[in-house]
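Enquirer: Please work out how this folds:
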Amino acid sequence: MAKKLLIIGGVAGGATAASRARRIDEAAEIILFERGEYISFANCGLPYYIGKIIKERESLLVTTAAAFKARYNIDIRPFSEVTEIDRNSKEVMVREIKTGKSYKESYDKIILSPGAEPVRPPLEGINIKNIYSLRSIPDSDLIKAHVDEKNPESAVIIGGGFIGLEMAENLVHRGIKVTIIEMLDQVMAPVDYEMASMVHAHLKEKGVGLILGDGVKSFSMSENQVKVITGKGVEVKCDMVILSIGIRAESVLARNTGLNIGKRGGIVVDSGMRTSDPDIYAVGDAVEIRDYVSGFPVMTALAGPANKQARIAADNAMGRNAKFRGTMGTAVAKVFDLVVASTGNNEKSLKQNNLPYLVSYTHSGSHAGYYPDAEMMAIKLIFSPGSGRILGAQIIGGKGVDKRIDVLATAIYGFMTVDDLEELELAYAPPFSSAKDPVNIAGFVASNILKGDVQTVNWDDLKGIDSEDEILIDLRDKNELDESGIIEGAINIPLSELRERLPELDRTKSYIPFCAIGLRGYLGHRILVQNGFKSRNLSGGYKTYKVTAK
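Expert: Residues are numbered from 1 along each chain as shown. This is a model prediction of the structure:
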């Protein structure tokens, strides 16, 4: 048990660890070192403060050093940087940033919570004026002051992750024309391409420019504007730039101390959050942890896992025995009128780790269709082809998305299968859901695939089919085709006419029936196979296909 515990770094990891340690041991000496002024603040709220959705700056402060010290009797030392850890003498070297003075402090245990820093690549012109990163309250102060005082008309955001998209929304809210430049072919890397395509369409509807599959080559000043030049030669002039390229683990201190560092640059820890030194623990954005689904090491910059890791590290530092089981990367973001959510593994990571999987797509209403203002949500379920264990889920929609992703995250944590999703008893009243909840429907469809009741083809498989041997049948009514568009080469047979028109079909061919969102496609598939035809249903229907068509 630690009689003297040093915590290096504040915010979600450090502040949580400090308060947890104090609750366990009232007598322990606990010192928290923080390089900046603020030991605990809501960094997830920074874009909304810039956008004036959050009105008061003080709302971002979870607590102050004085309040934290008074409540927990913890020695808080802001503007203090730990520069060295001497593991042999069990001492650290601390530099006071304001005075430049250094001193030593002894320890029994250490919890590292250094966090991560924004990636700032050494591009030409990267240090010219009006180029900002957003990671801390001082960063948000600079950006907000620029927007408030300079009234910029245009901005370029480099990177289409969570912070980039949230900044895009908030800058548009402030009346600024925004362009996003992303090196990948999609925004929101945690979701797969076809799901991100729905976000692309929504961003364009909101007037946001998108330059995808292209990185930044250089910055320069041009008549008091920043000129951004991409690797493919595209030039964009703007009044300000927000760098949202990603973050890099702050692992320099750990590396210099001789602690094990993983391939991704994060601090290696065990399930008890111990580093390679049993007296030093590490938590938060700077650590490599176990992925709950695949078991492989990952890094994740999410407040929820950081808080849990901090509690576990504090428990163990104070003599208890606690374990962190891993992260699922459960996340949700608001992008204008859309809600984007994901949990577990996506297709990219499963392919990278050579893990087998199946996919299903469903489109469901947020609540009963006869109750006003129901909103559609697209659910992608990823599951094991053997056991049916749920491996991941992604949802794009509006109301109710957060509720469903939390149900699916809980299902993944409980090693549940798609069959279990069919049986889940979830709260129902017309304003909130349907008798068959969207989670149940996702389970029905995935279970049908496992049982062999339906064979599916996904949107990206259509490019490889032989149109001579495999024929697309569009089961929608003709007025739907006129309103929504068609898939080139498909024949139109409305579902209500399919049985009587079966004699028109060639039994030597295979068929791919589809509709708007998948239900009629499934019904058409069952009609075809039970009448002796070869058939595969287009999962997710025309709605899933349409957003990916270029």
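Enquirer: all contacts plus neighbour counts: C-alpha atoms, from now on.
Expert: OK.
Enquirer: Let me know the secondary structure of Leu210.
Expert: Look at Leu210: counting by DSSP: H, G, I helix; E, B strand; the rest coil, its state is strand.
Enquirer: how about the nearest residue to it, chain neighbours excluded?
Expert: Ile180 (5.1 Å; Cα to Cα, 6 or more residues apart in numbering).
Enquirer: check which helix or strand covers that neighbour.
Expert: Using DSSP states H and E, Ile180 sits within strand 177-182.
Enquirer: ok now the following helix or strand past that strand, how far from the chain's centre?
Expert: As assigned by DSSP H and E, the chain's next helix or strand after strand 177-182 is helix 193-205. Its chain's C-alpha centre and that of helix 193-205 lie 15 Å apart, by Cα atoms, centre = their mean, to the nearest Å.
Enquirer: Show residues contacting helix 193-205.
Expert: The contact list for helix 193-205 (Cα atoms under 8 Å, 6 or more residues apart in numbering) reads 185-188, 209-210, 335-336, 338, 380, 394-396, 544, 547-548.
Enquirer: beta partners of Leu6?
Expert: Ile31, Ile110 (DSSP bridges).
Enquirer: what sits against it?
Expert: Ile30, Ile31, Leu32, Phe33, Tyr107, Asp108, Lys109, Ile110, Ile111.
Enquirer: cool, Leu123 as well?
Expert: Lys217, Ser218, Phe219.
Enquirer: Return the set of buried residues in the helix or strand in which Ile143 is found.
Expert: Applying DSSP H and E as the criterion places Ile143 in helix 137-150. Using 16 or more other Cα atoms under 10 Å as the test for burial, helix 137-150 gives Ile137, Ser140, Asp141, Leu142, Ile143, Lys144, His146, Val147.
Enquirer: and the helix or strand immediately after that helix in the chain with strand 177-182, angle?
Expert: Using DSSP H and E, the next helix or strand after helix 137-150 towards the C-terminus is strand 154-158. Interaxial angle, strand 154-158 versus strand 177-182 (axes from the mean of the first three to the mean of the last three Cα atoms, to 10 degrees): 20 degrees.
Enquirer: Output strand 154-158 as PDB, nothing but the C-alphas.
Expert: Output in PDB follows, covering the C-alpha atoms of strand 154-158 (Å, rounded to 0.1, in the frame of the first residue of the first chain):
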ATOM      1  CA  SER A 154     -13.900  30.900 -43.600                       C
ATOM      2  CA  ALA A 155     -12.000  28.100 -41.900                       C
ATOM      3  CA  VAL A 156     -10.300  24.900 -42.900                       C
ATOM      4  CA  ILE A 157     -10.300  21.900 -40.500                       C
ATOM      5  CA  ILE A 158      -7.500  19.400 -41.000                       C
END
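Enquirer: Grab the nearest non-local neighbour of Arg507.
Expert: Nearest one to Arg507, counting by Cα to Cα, 6+ apart, is Phe533 at 6.0 Å.
Enquirer: Do you know the pLDDT at the one you found?
Expert: Reported pLDDT at Phe533 in the predicted model: 96.
Enquirer: i'd like the first residue to be 31 from this point on
Expert: Yes, from this point I'll number from 31; that puts the last item at Phe563.
Enquirer: give the contact list for it.
Expert: Arg537, Lys539, Ser540, Tyr541.
Enquirer: Quick one: distance of the strand holding Ile210 to the chain centre.
Expert: Strand 207-212 sits 19 Å away from the centroid of its parent chain (Cα atoms, centre = their mean).
Enquirer: which helices and strands sit right next to it?
Expert: strand 184-188, helix 192-203, strand 239-242 (3 or more Cα pairs under 8 Å, 6 or more residues apart in numbering; DSSP states H and E).
Enquirer: Show me what the last one is in contact with.
Expert: Counting by Cα under 8 Å, 6+ apart, the neighbours of strand 239-242 from elsewhere in the structure are Val208, Thr209, Ile210, Ile211, Glu212, Met213, Leu214, Asp215, Gln216, His230, Leu233, Lys234.
Enquirer: can you check stretch 493-510 too?
Expert: Contacts for stretch 493-510 (Cα under 8 Å, 6+ apart): 519-525, 539-546, 550-551, 554.
Enquirer: What is the distance between it and the centre of its chain?
Expert: 34 Å.
Enquirer: re the thing from before, for Gly296, which of the helices and strands packed on strand 207-212 is the nearest?
Expert: Between Gly296 and the helices and strands packed on strand 207-212, the tightest spacing by Cα to Cα is seen for helix 192-203, at 20.6 Å.
Enquirer: distance between that closest one and the chain's centre?
Expert: 15 Å.
Enquirer: Could you check the angle it makes with helix 167-180?
Expert: 20 degrees.
Enquirer: So which elements touch helix 192-203?
Expert: Checking 3+ Cα pairs under 8 Å, 6+ apart, helix 192-203 ends up next to helix 76-80, strand 184-188, strand 207-212, strand 361-365.
Enquirer: returning to what we had before: and the contacts of Leu153, which is closest to Glu126?
Expert: Of the contacts of Leu153, the one sitting nearest to Glu126 (Cα to Cα) turns out to be Phe249, at 35.2 Å.
Enquirer: what are the bridge partners for the closest one, then?
Expert: Phe249 has the following beta-bridge partners by DSSP bridges: Val258.
Enquirer: Pull the contacting residues for it.
Expert: Leu153, Glu154, Gly155, Ile156, Ile158, Val256, Lys257, Val258, Ile259.
Enquirer: I'd assumed Thr360 was in contact with Gly374.
Expert: Yes. Using Cα atoms under 8 Å, Gly374 is in contact with Thr360, at 6.7 Å.
Enquirer: shared neighbours, these two?
Expert: Ala439.
Enquirer: still on that earlier bit, buried members of the contacts of Phe563 into ChimeraX, please.
Expert: Typed into ChimeraX, the line below selects the buried ones among the contacts of Phe563, using 16+ other Cα under 10 Å:
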select :540,541
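Enquirer: quick one: which of the contacts of Phe563 is nearest to Ala439?
Expert: Tyr541 (35.4 Å).
Enquirer: Output the contacts of Phe563 as a markdown table; include the columns secondary structure and pLDDT.
Expert: As requested, the contacts of Phe563 are arranged in a markdown table below (DSSP: H, G, I helix; E, B strand; the rest coil; pLDDT from 0 to 100):
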| residue | secondary structure | pLDDT |
| --- | --- | --- |
| Arg537 | coil | 95 |
| Lys539 | coil | 94 |
| Ser540 | strand | 95 |
| Tyr541 | strand | 96 |
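Enquirer: With distance to Glu196 added, can I get the contacts of Phe563 in JSON lines?
Expert: Listed next are the contacts of Phe563 as JSON lines, based on distance: Cα to Cα, whole Å:
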{"residue": "Arg537", "distance to Glu196": "52"}
{"residue": "Lys539", "distance to Glu196": "48"}
{"residue": "Ser540", "distance to Glu196": "45"}
{"residue": "Tyr541", "distance to Glu196": "43"}
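Enquirer: Return the member of the contacts of Phe563 nearest to Gly399.
Expert: Tyr541 (31.0 Å).
Enquirer: so that closest one makes contact with Arg566?
Expert: Yes. Look at Tyr541 against Arg566 with Cα under 8 Å: they come within range, at 6.4 Å.
Enquirer: What about the closest residue in space to Lys539 that isn't next to it in sequence, how many residues nearby?
Expert: Distances taken as Cα to Cα, 6+ apart place Asp499 nearest to Lys539, at 5.2 Å, with adjacent residues excluded. Residues near Asp499, counting by other Cα atoms under 10 Å, number 11.
Enquirer: Give me the distance between Asp499 and Val475.
Expert: Distance, Asp499 to Val475, by Cα to Cα, to the nearest Å: 26 Å.
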